[in-house]
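Novice: coordinates for the following, if possible.
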Amino acid sequence: MDWVQPFFETAPLWWGPQTVQEKDFQRADAIARLGGPGVRRVLELGAGSGLTAAVTADRGYSVVAVELSATRARQAAELVEGRDLRVVEGDFYTVELEGPFDCVVYWNGFGIGTDAEQRTLLRRVSGEWLAPGGRMIVDVFSPWKWARIAGELEYDTYTIDLANSNDYDPVASRFNDRWWPTGREAEALDQFGRCYTPADLLLLLEGTGLTAERMELDGVEILADQRYSAKHPLWEAWEYRAVLRQSVPADGLE
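Specialist: Next comes the predicted model:
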């Protein structure tokens with residue numbers, strides 16, 4: 001994952017200042033709806049510029065937000081004042097945090113590593129951070145939309161004019177999202193993401209100490225034991241949401 005830090009140190013500067021969007025409020029709402037009873041402490045992994053974490057804190061939660069990128073951690077730290085919000089700059093594979101947390105959330109980022117790395121993270125959540133009876137809420141990249149846009153090239157204006165292209169590896173089920181200042185492709189930065197079908201996610205969870213309590217798209221439950229047609233909304237979705245709970249203790253699992 002040597003691309004992660006360079007990408008997020010520079011790309012946010014190209015994109016410019018971010019503002020609170022409806023998705024930030026929807027994510028905070030999801031904690032109340034899906035996080036289980038009595039949620040007080042929330043851990044947000046890959047918090048980015050901290051907008052969702054700030055909205056979550058404004059809802060009355062005590063939030064710890066972990067972000068690898070120094071650029072985005074600084075942006076998030078600007079939102080701390082007046083809120084029960086702590087920003088930790090660090091790698092969530094190695095960072096030490098004072099748990100437990102009633103709810104662990106990972107919005108729009110799960111899958112940036114290998115399957116083995118995802119399992120390592122899930123074991124940390126189950127074995128170190130998640131309080132008994134707590135939940136993890138995670139956004140999971142869905143493969144079909146990413147596969148269909150492979151080869152597309154777009155241009156848009158942020159703080160500067162940017163080009164954006166996408167590719168998709170059908171064997172590894174990974175997308176490649178590439179950004180560069182228009183006319184300067186030699187400066188291009190790439191981000192990658194592993195996509196999981198709901199069935200793939202269930203297999204990934206085996207041996208992590210977590211099990212899927214619910215999977216949903218736009219609030220509608222996805223049932224693993226039900227047959228669906230090719231017209232299912234997942235065909236058009238960038239991601240879906242999963243709620244995970246502890247199954248067995250993760251200690252000693254390989």
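Novice: any weak-confidence spans in the protein?
Specialist: 248-254 (pLDDT under 70).
Novice: now the strands: where do they sit in it?
Specialist: 41-45, 62-67, 85-89, 101-110, 130-141, 153-157, 161-169, 174-181, 189-194, 210-217, 220-221, 239-246 (DSSP state E).
Novice: in CSV, list those strands along with mean neighbour count and distance to D24.
Specialist: Any C-beta I mention is one placed from the backbone N, CA and C, and that applies to glycine too. Converted to CSV, the strands of the chain look like this (neighbours: other C-beta atoms under 10 Å; distance: least, C-beta to C-beta, whole Å):
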stretch, mean neighbour count, distance to D24
strand 41-45, 25, 11
strand 62-67, 24, 13
strand 85-89, 20, 13
strand 101-110, 24, 9
strand 130-141, 21, 13
strand 153-157, 10, 21
strand 161-169, 17, 22
strand 174-181, 18, 21
strand 189-194, 18, 20
strand 210-217, 18, 18
strand 220-221, 8, 21
strand 239-246, 21, 15
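Novice: relative to L202, which of those is closest?
Specialist: strand 210-217 (6.0 Å; C-beta to C-beta).
Novice: what are the pairing partners of that closest one, and which direction each?
Specialist: Paired neighbours of strand 210-217 in the sheet (DSSP bridges): strand 220-221 (antiparallel), strand 239-246 (antiparallel).
Novice: report how many residues lie close to the residue nearest to L234 when sequence neighbours are not counted.
Specialist: Ranked by C-beta to C-beta, 6 or more residues apart in numbering and with sequence neighbours excluded, the top spatial neighbour of L234 is S142, at 5.5 Å. Residues near S142, counting by other C-beta atoms under 10 Å, number 21.
Novice: thanks a lot, catch you later.
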